[in-house]
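# only geometry, no sequence info:
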């Protein structure tokens, strides 16, 4: 074993980490926005629209992210949309996790008392204001810790982007490991890094829970 | 349509590997969840610390990273190369087992205090108390999350295609290169995953009903789900 090699590999691993963080951040923003759109459609739209949306989300939730990544990466270009691996990865991550964040938002919405909707109607607020100023601020607040959990889960899923040649952390570790035949050092380093991030972020979530859960 | 009829046997073969890894991983994950979960509820501080350390480490590492480590790094350490299927089952079982252990621990701790005290009052030994009083009640509570974890593990098994196990995802990749029917190749695999997931979810709902009925509770959850009344099977794995 040669732990000095890990030191030499740090710059490459850091450049991999940059891609990992970029994909996580952009994918998460996409998931937050799409999930909200989905839950609003499922609430507000007539059943002919809401039911198919439900099944599409169910389909996305019960099929592997890896296959969805391949789908976005290989099928969309054959339909004439050319995507860089990173973009394809962000889209797949965002859409996959939107199916989960939609459920989180839904549980938040269920926690908003009916009286709030009725009050908005009594004040004859338009639909946009009802959602934006009355319902969502209450609903989103109480699901912030749950949404944070999905940020961590998504971070842990980014190594899958390796499969569509995004040069993220695992990709770099695997490349360095292969070039120097030092898989043990590089992949262990990635594993340790993931454990560290996950332990720290779990503490962060507990903080969020203390702050937002008991409203 | 021809595409699906011709390639169905190949897809079924891939589905067989996916099922094999899912069932193997679930078995390992279940044993780990139960052992680590119960250890996590013990009075002994050292036992609790060990359980906590297990959970933090194996929940922290993504299954794919763990599998790569077992498959590429471990042989350099031990000189013994794991079979790809075995590496996959180990990685998934260890990873999902950590989520399951938290589930078991939470469910046991959620059993009302009075049940423990009743067990003590009746002069049950600790093992009897756990087996006859606590676990049957915790069981009903932990089943829904176990159901989610099974789906997560089944989906997670797709990563084995990256170490050349010919599971559904691997077959889809092969069909893409051989037939050039990119859309159909992946759609076929996705639909099969979906069907497998629905079957698992149905079985888990059956198990939930049974567990609740044995406790004399009636479950209002419908066995066949409709979009309007959809509940359960929705949150990802161990994430609350």
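Everything's here; your move. What you see is a predicted model; the values in this text were computed from it and never measured. Numbers count the residues shown, from 1 in each chain, chains lettered A, B, ... in the order given.
# so residue B:137 sits right up against residue B:111, yeah?
Yes. In this structure, residue B:137 is within contact of residue B:111 by C-beta atoms under 8 Å, at 5.0 Å. C-betas here are computed from N, CA, C, even on glycine.
# quick one, helices of chain B?
B:2-39, B:45-60, B:63-68, B:74-78, B:84-110, B:113-121, B:126-128, B:135-156, B:168-179, B:182-214 (DSSP state H).
# could you pick out the longest helix of chain A?
Assigned via DSSP H, chain A shows its longest helix as helix A:3-44.
# and the helix or strand just after that helix, what does it pack against?
Next in sequence after helix A:3-44, counting helices and strands by DSSP states H and E, comes helix A:47-61. Judged by 3 or more C-beta pairs under 8 Å, 6 or more residues apart in numbering or on different chains; DSSP states H and E, helix A:47-61 is in contact with helix A:3-44, helix A:85-110.
# out of these, which comes closest to chain B?
Closest approach to chain B among these is made by helix A:85-110 (4.5 Å; C-beta to the nearest C-beta).
# what's the helix or strand that that closest one is followed by packed up against?
Later in the chain than helix A:85-110, the nearest helix or strand by DSSP H and E is helix A:114-122. Applying 3+ C-beta pairs under 8 Å, 6+ apart, we find helix A:114-122 packed against no helix or strand.
# can you list contacts of the next helix or strand after helix A:114-122?
Next in sequence after helix A:114-122, counting helices and strands by DSSP H and E, comes helix A:127-129. Outside helix A:127-129, the residues that touch it by C-beta atoms under 8 Å, 6 or more residues apart in numbering or on different chains are A:44, A:120.
# whichever helix or strand comes after helix A:127-129 near chain B anywhere?
Sequence-wise, the next helix or strand downstream of helix A:127-129 (DSSP H and E) is helix A:136-157. Yes. Helix A:136-157 reaches chain B (C-beta under 8 Å from any C-beta of the partner chain) through A:146, A:149-150, A:153, A:156-157.
# so helix A:136-157 versus helix B:84-110, what angle?
Put simply, helix A:136-157 runs at 140 degrees to helix B:84-110, going by axes from the mean of the first three to the mean of the last three C-alpha atoms, to 10 degrees.
# counting contacts, what elements does helix A:136-157 pack onto?
Under the contact definition 3+ C-beta pairs under 8 Å, 6+ apart, helix A:136-157 sits against helix A:3-44, helix A:85-110, helix A:183-212.
# these: lowest mean pLDDT?
Ranked on mean pLDDT, the bottom entry among the helices and strands packed on helix A:136-157 is helix A:183-212, at a mean of 86.
# tally up the residues packed near the closest residue to residue B:41 other than its chain neighbours, please.
Spatial nearest neighbour of residue B:41, excluding adjacent residues (C-beta to C-beta, 6 or more residues apart in numbering or on different chains): residue B:108 at 4.8 Å. As a burial measure, residue B:108 scores 20 neighbours (other C-beta atoms under 10 Å in any protein chain shown).
# list the contacts of the residue minimising distance to the centre of chain B.
Chain B has residue B:150 as the residue nearest its centroid, 3.2 Å off, counting by C-alpha atoms, centre = their mean. Listed by C-beta under 8 Å, 6+ apart, the contact set of residue B:150 reads B:22, B:26, B:200, B:204.
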